[in-house]
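Asks: let's see this in three dimensions:
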Amino acid sequence: MSLGFSVDTLLPKARGGGQLRMGLVKLEEREWLQPAPDLAARAAGFADWPEGVQLTPEVDAPGRELAAMLGVAGALPEAALACHEDLCMLTKAEGEEVYRLIGAAVAWPSDWHPAEKIGLPLRALHAPIAGYEEQLATGVDRFMETLRPGPIYARCNWFIAATGERRWLPDLPPAEAFAHVTPENAGETLFVRSERQTLRRLPQTVAILFTIGIYVEPLASLSPANIIMLGKAVQTLVSGEGDRRGAPAYADSLIAFAQRRAA
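Replies: Predicted coordinates for the structure are as follows:
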């Protein structure tokens, strides 16, 4: 099973709802990053939001290793300018047992600020996600510890946003952000956002690279099967997760729109 490079191809591989899970698939090297990325959009994204680049001294060597792998000069920021994906680097400090975020080059975040996360261990990074500690933390820790250089693993997720912009930093409460959404206009006013995430360990520095490819489409542009899936999934989000995603503000409209597509 592989992953595509669009919302429509990613959604069938994403968790539909219910309990959290990693849902990893193994990729070939040729499937790792989006081919022919829009590098002008990447440059503009970082120019518009320079705070998306957060570096510690520890990320210099892994960043340079990654840049060389991508065939560009420089370190983590230059690597992020050369691909579609946002890049995060994690490693363990000597004497520690936990992985920490040591560098991030993120042009298109999904409701997070790298400056608030840099230096944090994995569990603290994921603290806002309802159910992570109980359902995923131990499995993620084990995966990170046993990941070896060579294999590439991937997963994807989805969010519903009130904007089609790739940089998603909500500045309004969900009730206000989705106030204009109705069952009649949900296809054009709700945007489905999917992250295509990959994980691999670098062979020389043995840091772990986490990439995040962002894809956004209006709800109505998706396949009927994906629209119906989202209408069902939004009803079964883990307790607390739906609130974090703002689901109560848009769920009724999305469900009604999906039911019409299924009729």
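Asks: pick out the residue nearest the middle of the chain.
Replies: Residue closest to the average C-alpha location in the chain (Cα atoms, centre = their mean): residue 195, at 3.6 Å.
Asks: the strands in the stretch 151-263 of the chain, which residues?
Replies: Taking DSSP state E, counting those that start in this stretch as the test, the strands found in the stretch 151-263 of the chain are 152-156, 159-161, 191-201, 208-218.
Asks: how about the third one: buried residues?
Replies: Along strand 191-201, the positions that meet the burial threshold by neighbour count (16 or more other Cβ atoms under 10 Å) are 191-201. In this view, the C-beta of every residue, glycine as well, is placed from N, C-alpha and C.
Asks: what's the most distant pair in the residues you listed?
Replies: Greatest spacing in the buried residues of strand 191-201, by Cβ to Cβ: 191 and 201 (33.5 Å).
Asks: do you know which of the strands of the stretch 151-263 of the chain lies nearest residue 59?
Replies: Closest of the strands of the stretch 151-263 of the chain to residue 59 is strand 208-218, at 10.6 Å (criterion: Cβ to Cβ).
Asks: partners of the closest one, with directions?
Replies: Applying DSSP bridges, strand 208-218 is found paired with strand 86-92 (antiparallel), strand 191-201 (antiparallel).
Asks: circling back: out of the buried residues of strand 191-201, who's nearest residue 259?
Replies: So of these, ranked by how close each gets to residue 259 (Cβ to Cβ), first place is residue 192, at 16.8 Å.
Asks: quick check: angle from the lengthiest helix in the chain to strand 191-201?
Replies: The residue-count maximum for a helix in the chain (DSSP state H) belongs to helix 247-262. Counting by axes from the mean of the first three to the mean of the last three Cα atoms, to 10 degrees, helix 247-262 points 100 degrees away from the direction of strand 191-201.
Asks: check contacts around residue 261.
Replies: Residue 261 makes contact with 224, 227-228, according to Cβ atoms under 8 Å, 6 or more residues apart in numbering.
Asks: between these, which has the most around it?
Replies: Neighbour counts for those (other Cβ atoms under 10 Å) peak at residue 227, which has 23 neighbours.
Asks: tell me the pLDDT at it?
Replies: You'll see residue 227 listed with a pLDDT of 96.
Asks: what sits against it?
Replies: Residues near residue 227 by Cβ under 8 Å, 6+ apart: 219-220, 257-258, 261.
Asks: among those, show me the least confident.
Replies: Ranked by pLDDT, the contacts of residue 227 bottom out at residue 261, which has 84.
Asks: ok, back up a step: isn't the residue nearest to the centre of the chain up against residue 109?
Replies: No: contact status for residue 195 versus residue 109: not in contact, 10.0 Å apart, counting by Cβ atoms under 8 Å.
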